[in-house]
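Trainee: I would like the atomic coordinates for the input below:
(one chain, ligands or ions: 1)
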Amino acid sequence: MAAQDTPEWKTLSALADARTEPVLPTLVNHEHRSKDMSFSVAGCLFDFSKQKADEKVLDALIALAHAQQFNQRTVAMFTGEKINTSEQRAVLHPALRDGAPDAPTLLKQSVTSVRQRMIESAVDIRSGNRAGYTNKPFTDIVHIGIGGSHLGPELVVKALAAHKTTHINIHFLANIDAGDFEHAIANLNPETTLFIVVSKSFNTLETQINALSARSWFLERTANRDAIAQHFVGVTSNLAAAEEFGFSEENLFPIWDWVGGRFSLWSAVGLPVLIALGPENYSAFLSGAREVDEHFTSAPAEQNIPLMSALFATWNTNFLGTESLAILPYDQRLDLLTDFLQQLEMESNGKSVTQEGEHVSHTTMPVLWGGVGTNGQHAYHQFLHQGTRRYAADFILVAQDPYQKSEHHNWLTANALAQSQAMAVGLSSPDTPQRAVKGDHPTTTIVLEELGPRQLGGLLAVFEHKVFCQGVLWDINSFDQWGVELGKALAKPIYAELTQENNPDIEQDCVTRALIDHIKQAQNTHRT
Ligand code: F6P
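Mentor: Predicted coordinates for the structure are as follows:
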């Protein structure tokens with residue numbers, strides 16, 4: 001039965017219709033609210049006390065999860081059933097961090113052996129045992145990949161810079177824009193540069209073009225074709241295409257078909273993370289995520305953090321009408337978190353048909369956006385406090401001050417708490433309506449005890465499982481992404497037209513053709 005036709009969905013609709021607002025100014029003054037609505041895992045506290053749900057709503061949300069067979073679907077995922085039905089694939093990324101003990105044995109064995117190879121390789125690169133073709137140790141690594149093959153590694157390497165235990169510089173190259181390429185390779189010495197090319201499919205345009213440009217850059221400077229094998233590492237599930245590119249067997253790491261791109265950080269996609277942090281910190285990173293897997297598969301629904309996150313998101317999106325989710329990390333080290341979550345949540349749950357291919361009649365993924373605090377307070381928080389749009393927000397804070405600069409850190413923390421307080425309680429101003437702040441906006445506050453490998457691994461795994469739960473509640477497949485294909489296909493004839501004389505055989509709509517003509521003319525004018 002479609003989610004919106006279940007009695008549980010109807011109960012929630014009735015509760016939403018019967019509610020009287022505002023809810024939060026009262027709820028935040030309940031003595032036990034915080035204790036009842038806060039849960040911890042992997043050194044991260046999730047405080048849901050500023051969500052607009054009382055006990056009745058919570059019970060009804062949990063009933064919806066059961067009606068949507070949350071438990072059975074979780075078991076199906078963790079045991080390797082092909083829950084990505086449109087691509088006939090299992091979804092087993094928890095196995096990459098040993099968080100799926102009931103996954104097939106052979107699969108777990110191959111994870112262990114690839115991880116062992118990754119560790120050996122990383123140790124050798126870090127120590128200089130594995131060096132470039134002139135025997136100089138590597139000083140720079142350029143990670144080439146896009147989307148799920150890029151966002152996670154860059155986020156983690158940047159967020160955990162204080163835990164970096166190597167002098168090797170790590171650069172990231174994703175965009176097809178030549179400016180990104182020039183920036184990534186600026187001032188690099190080919191003798192001491194290692195390229196890691198990451199592409200699950202090995203036919204993603206951006207990664208192919210960037211990898212080919214990197215190979216040409218390397219050959220132009222070294223004139224040594226044999227050295228490619230030493231200076232290029234590949235991570236892919238398309239081993240045949242990768243071999244053709246010139247990777248040696250030793251420098252090729254697999255991505256299995258049961259690892260979705262946006263969930264692939266824990267596979268060899270995360271090789272730069274391992275090189276940057278070293279095996280010990282890397283193991284702590286995986287163990288934080290594993291703690292979350294254990295929590296997710298064993299905690300009761302009413303204490304299950306990923307499930308609760310998805311239930312509140314459903315309540316907000318489908319019953320309270322929130323249109324966006326703002327991600328507000330109050331820590332500069334997490335400034336790439338929004339980008340990462342945009343792919344994770346929007347590519348996963350930006351869908352409009354059910355698992356069976358029926359059109360959904362409820363809304364699905366809201367717009368996910370955001371940015372680091374306190375900067376946002378001087379940009380879009382005005383919109384959040386006095387605009388007309390409904391939204392929900394996640395605040396992410398780190399308790400420990402990493403820099404021993406308590407004045408900065410306490411002001412940062414005070415501002416985060418003040419913003420979520422203002423969003424909850426608002427301000428009434430009957431005489432000067434310009435000053436009134438509506439408040440009553442649902443928010444979650446996530447507090448990391450410190451920003452270490454364990455806590456970051458845990459935080460990201462919570463969001464991953466939230467995405468899965470959300471798909472279950474909406475009855476959509478969170479693990480395919482067919483919507484991105486059309487644009488890729490349409491780009492090909494446009495590229496052909498841009499690079500050759502007008503070709504009447506290429507069909508094009510009139511307005512796109514006009515733009516192509518305009519751009520070509522501008523290019524020619526500029527050239528002459
Ligand atoms: O944008 C679509 C997408 O397929 C993502 O899902 C994926 O993470 C990204 O492109 C990169 O894909 P690949 O790893 O195959 O290069």
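Trainee: Contact residues of the stretch 401-528 of the chain facing the ligand?
Mentor: The stretch 401-528 of the chain comes close to the ligand at residues 481, 484, as judged by Cβ under 6 Å from any ligand atom. Where C-beta positions appear, they are placed from N, C-alpha and C, glycine not excepted.
Trainee: For the ligand, what's its nearest residue on the stretch 401-528 of the chain.
Mentor: residue 484 (4.3 Å; Cβ to the nearest ligand atom).
Trainee: Was I right to think that residue contacts residue 351?
Mentor: No: counting by Cβ atoms under 8 Å, residue 484 does not reach residue 351; the two are 12.0 Å apart.
Trainee: Just the element for residue 106, please.
Mentor: helix 105-127 (DSSP states H and E).
Trainee: scratch that, residue 155 is what I was asking about
Mentor: Here residue 155 is assigned to helix 151-159, by DSSP H and E.
Trainee: Quick one: check that helix for contact with the ligand.
Mentor: No: Helix 151-159 does not reach the ligand (Cβ under 6 Å from any ligand atom); its nearest approach is 8.1 Å.
Trainee: Now do that helix: distance to the chain's middle.
Mentor: In terms of Cα atoms, centre = their mean, to the nearest Å, the centre of helix 151-159 is set 10 Å apart from its chain centre.
Trainee: Pull out the buried positions in the helix or strand following it.
Mentor: Where DSSP H and E defines the elements, the next helix or strand beyond helix 151-159 is strand 169-173. By 16 or more other Cβ atoms under 10 Å, the buried positions in strand 169-173 come out as 170-173.
Trainee: In the sheet, which strands lie alongside strand 169-173, parallel or antiparallel?
Mentor: Sheet pairing for strand 169-173, assigned by DSSP bridges, gives strand 140-144 (parallel).
Trainee: What angle do helix 105-127 and the partner strand make with each other?
Mentor: Going by axes from the mean of the first three to the mean of the last three Cα atoms, to 10 degrees, strand 140-144 is angled at 140 degrees with respect to helix 105-127.
Trainee: so strand 140-144 versus helix 151-159, what angle?
Mentor: In terms of direction (the same axes, to 10 degrees), strand 140-144 departs from helix 151-159 by 150 degrees.
Trainee: The ligand: which of the buried residues of strand 169-173 is nearest?
Mentor: Checking those against the ligand by Cβ to the nearest ligand atom gives residue 173 as the nearest, at 12.7 Å.
Trainee: Might one say that that closest one is in contact with residue 143?
Mentor: Yes: counting by Cβ under 8 Å, residue 173 touches residue 143, with 7.0 Å between them.
Trainee: how about the host helix or strand of residue 220 as PDB, C-alpha atoms only?
Mentor: Element membership for residue 220, per DSSP H and E: helix 205-222. Output in PDB follows, covering the C-alpha atoms of helix 205-222 (Å, rounded to 0.1, in the frame of the first residue of the first chain):
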ATOM      1  CA  LEU A 205      33.000  12.500 -18.400                       C
ATOM      2  CA  GLU A 206      34.600  14.900 -15.900                       C
ATOM      3  CA  THR A 207      36.900  12.200 -14.400                       C
ATOM      4  CA  GLN A 208      37.800  10.800 -17.800                       C
ATOM      5  CA  ILE A 209      38.800  14.300 -19.200                       C
ATOM      6  CA  ASN A 210      40.700  15.200 -16.000                       C
ATOM      7  CA  ALA A 211      42.500  11.900 -15.800                       C
ATOM      8  CA  LEU A 212      43.500  12.200 -19.500                       C
ATOM      9  CA  SER A 213      44.700  15.800 -19.000                       C
ATOM     10  CA  ALA A 214      46.700  14.700 -15.900                       C
ATOM     11  CA  ARG A 215      48.300  11.800 -17.900                       C
ATOM     12  CA  SER A 216      49.200  14.300 -20.800                       C
ATOM     13  CA  TRP A 217      50.600  16.800 -18.200                       C
ATOM     14  CA  PHE A 218      52.700  14.000 -16.800                       C
ATOM     15  CA  LEU A 219      53.900  12.700 -20.100                       C
ATOM     16  CA  GLU A 220      54.700  16.100 -21.500                       C
ATOM     17  CA  ARG A 221      57.000  16.700 -18.500                       C
ATOM     18  CA  THR A 222      58.600  13.300 -18.100                       C
END
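Trainee: and it with strand 140-144, angle?
Mentor: Going by the same axes, to 10 degrees, helix 205-222 makes 150 degrees with strand 140-144.
Trainee: Return the list of helices and strands in contact with helix 205-222.
Mentor: strand 140-144, helix 178-185, strand 193-198, helix 228-231, strand 232-236 (3 or more Cβ pairs under 8 Å, 6 or more residues apart in numbering; DSSP states H and E).
Trainee: Which residues does that helix contact?
Mentor: 133, 142, 144-146, 149, 173-176, 180-181, 185, 190-191, 193, 195, 197-199, 202, 225, 227-228, 231-232, 245-246, 488, 491 (Cβ atoms under 8 Å, 6 or more residues apart in numbering).
Trainee: Kindly recompute the last result at 7 Å.
Mentor: With contacts defined as Cβ atoms under 7 Å, 6 or more residues apart in numbering, helix 205-222 is touched by 142, 144-146, 149, 173-176, 181, 185, 190, 195, 197, 199, 225, 228, 231, 245, 488.
Trainee: chain center to that helix: distance?
Mentor: How far helix 205-222 lies from its chain's middle: 27 Å, per Cα atoms, centre = their mean.
Trainee: okay, now residue 200: neighbour count?
Mentor: Neighbourhood size, residue 200 [other Cβ atoms under 10 Å]: 25.
Trainee: Next one: it relative to residue 264, how far apart?
Mentor: Distance of residue 200 to residue 264, given as Cβ to Cβ, to the nearest Å: 7 Å.
Trainee: Distance-wise, check residue 225 relative to residue 218.
Mentor: From residue 225 over to residue 218 (counting by Cβ to Cβ), the distance is 10 Å.
Trainee: same deal with residue 283?
Mentor: From residue 283 to residue 218 the distance is 32 Å (Cβ to Cβ).
Trainee: Can you tell me which of the buried residues of strand 169-173 is closest to residue 69?
Mentor: The nearest member of these to residue 69, counting by Cβ to Cβ, is residue 172 at 39.5 Å.
Trainee: Against which helices or strands is the longest helix anywhere in the chain packed?
Mentor: Using DSSP state H, we find that the single longest helix of the chain is helix 271-298. Packing partners of helix 271-298 (3 or more Cβ pairs under 7 Å, 6 or more residues apart in numbering; DSSP states H and E): strand 38-41, helix 105-127, strand 140-144, helix 151-159, helix 453-474.
Trainee: give the contact list for residue 393.
Mentor: By Cβ under 7 Å, 6+ apart, the contact set of residue 393 is 326, 328, 423, 441, 443.
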